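>>> coordinates only, sequence not included:
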């Protein structure tokens, strides 16, 4: 399963610095001028997983493979991108390829790096460009649907959905806020379109340290709270500080975080938040040489989980021996879990639950 999160935002919001933090290395060029990024930088990001560490300890396996997803650092967007301003056309095409969006909004005031304007206004500029671009694409699709629906009545509900969505977008509201966006008709409409404003989104408020982070008397936490109230899922991160921490030996980072008053890793919160956008759960397998986490859409069945590992597992599916993570941890081992009778065998239609540890039985 190939998953990708697009890193977007206005120029100089700190996107490339954030990307380098996520990558754990300086892969993207950073500079205080627009369009530092032209072609998107790409990196694979591991999702921090305490359960995987516990399973590794229980089994004695040192090889522990977490879930990963791809992050794309996409060129900064400017007002007028929907009309091709800046790198608009290329930017918007790259956005449509992504499964979710991480929008970086700058809120810092460092020498030579002052962010001007209201963060909420910056957020709105990006959203409006996505909406205007979607309207252009949707208008074309409505024209083709109108012709196709004359010979295929089953397309009527999809056309109706498209008309409703057009009115919604014309009112300046993103597709993912429409009440029917999760419907089957909306999914059918969006197939092949990849409407940018329909992508799930996490806002990353890139702020300075406590001494620099209060601008015009407003703390970053207050800005983030305002964004949350308006329905924007938001996380706080000081990308510059996180970048500096990455230069330290791993054993020294916790101490420096403590000295800086950082309770936890903002990076972990960003990665976990991105993963949550994708509507996925994790299940685990215990192999002879590794323990591994696998991502799966919420609501998937046991046979779909088997196919996530290998098509042969799904084709020859016999059953799935399942134990939930808390029970396995309490039992102390898979063998003792079986002895206690807490491992249950499930069939093809079993709905996998986040945290399930599964051993598949198959025959091909």
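Received, thanks. All of these numbers come straight from a predicted model, not from anything done at the bench.

>>> so the most centrally placed residue in the chain is in which element?
Nearest residue to the geometric centre of the chain (C-alpha atoms, centre = their mean): residue 274, 2.9 Å. In this assignment (DSSP states H and E), residue 274 forms part of helix 266-277.

>>> Next, the buried residues of that helix.
By 16 or more other C-beta atoms under 10 Å, the buried positions in helix 266-277 come out as 266-267, 269-271, 273-275, 277. All C-beta atoms are positioned from the backbone trio N, CA, C, and that covers glycine.

>>> Rounded mean pLDDT for that helix, please.
Averaged across helix 266-277, pLDDT comes to 82.

>>> Counting by contacts, list what whatever helix or strand comes next after that helix packs against.
Using DSSP H and E, the helix or strand that directly follows helix 266-277 along the chain is strand 280-286. Applying 3 or more C-beta pairs under 8 Å, 6 or more residues apart in numbering; DSSP states H and E, one finds that strand 280-286 makes contact with helix 50-59, strand 291-297, strand 356-362.

>>> which of the residues in the first one are buried?
Neighbour counts over helix 50-59 (16+ other C-beta under 10 Å) mark 51-52, 55-56, 58-59 as buried.

>>> again, but for stretch 227-240
Those buried within stretch 227-240 under the rule 16+ other C-beta under 10 Å are 227, 232, 234-240.

>>> what does stretch 286-302 give?
For stretch 286-302, burial by neighbour count (16+ other C-beta under 10 Å) applies to 286, 291-296, 300-302.

>>> Of all the helices and strands packed on strand 280-286, which one is nearest residue 75?
Evaluated over the helices and strands packed on strand 280-286, closeness to residue 75 peaks at strand 291-297, with 27.7 Å, by C-beta to C-beta.

>>> hmm, who's touching the closest one?
1, 3, 47, 49, 51-52, 55-56, 59, 61, 63-67, 69, 275, 278-285, 304-305, 308-309, 352 (C-beta atoms under 8 Å, 6 or more residues apart in numbering).

>>> could you point out which element follows whichever helix in the chain runs longest?
What stands out as the longest helix in the chain, according to DSSP state H, is helix 119-149. Going down the chain from helix 119-149, the next helix or strand is helix 156-170, by DSSP H and E.

>>> And the helix or strand just after that next one, how far out from the chain middle?
Beyond helix 156-170 on the C-terminal side, the first helix or strand identified by DSSP H and E is helix 184-190. How far helix 184-190 lies from its chain's middle: 21 Å, per C-alpha atoms, centre = their mean, to the nearest Å.

>>> now stretch 65-79
The chain centre lies 9 Å from the centre of stretch 65-79; the measure is C-alpha atoms, centre = their mean.

>>> as a whole number, average confidence for that stretch?
Stretch 65-79 comes out at a mean pLDDT of 82.

>>> Same check on stretch 301-320?
Stretch 301-320 comes out at a mean pLDDT of 96.

>>> Equivalent analysis for stretch 108-123, please.
Mean pLDDT, stretch 108-123: 65.

>>> For it, measure first residue to last.
15 Å (C-alpha to C-alpha, to the nearest Å).

>>> name the element residue 204 belongs to?
strand 201-207.

>>> Who are the packing partners of that strand?
Packing partners of strand 201-207 (3+ C-beta pairs under 8 Å, 6+ apart): helix 15-23, strand 100-107, helix 220-229, strand 234-237, helix 266-277.

>>> Throw these into TSV and include distance to residue 134, thanks.
Compiled in TSV, these are given as follows (distance: least, C-beta to C-beta, whole Å):
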stretch	distance to residue 134
helix 15-23	22
strand 100-107	13
helix 220-229	21
strand 234-237	23
helix 266-277	18
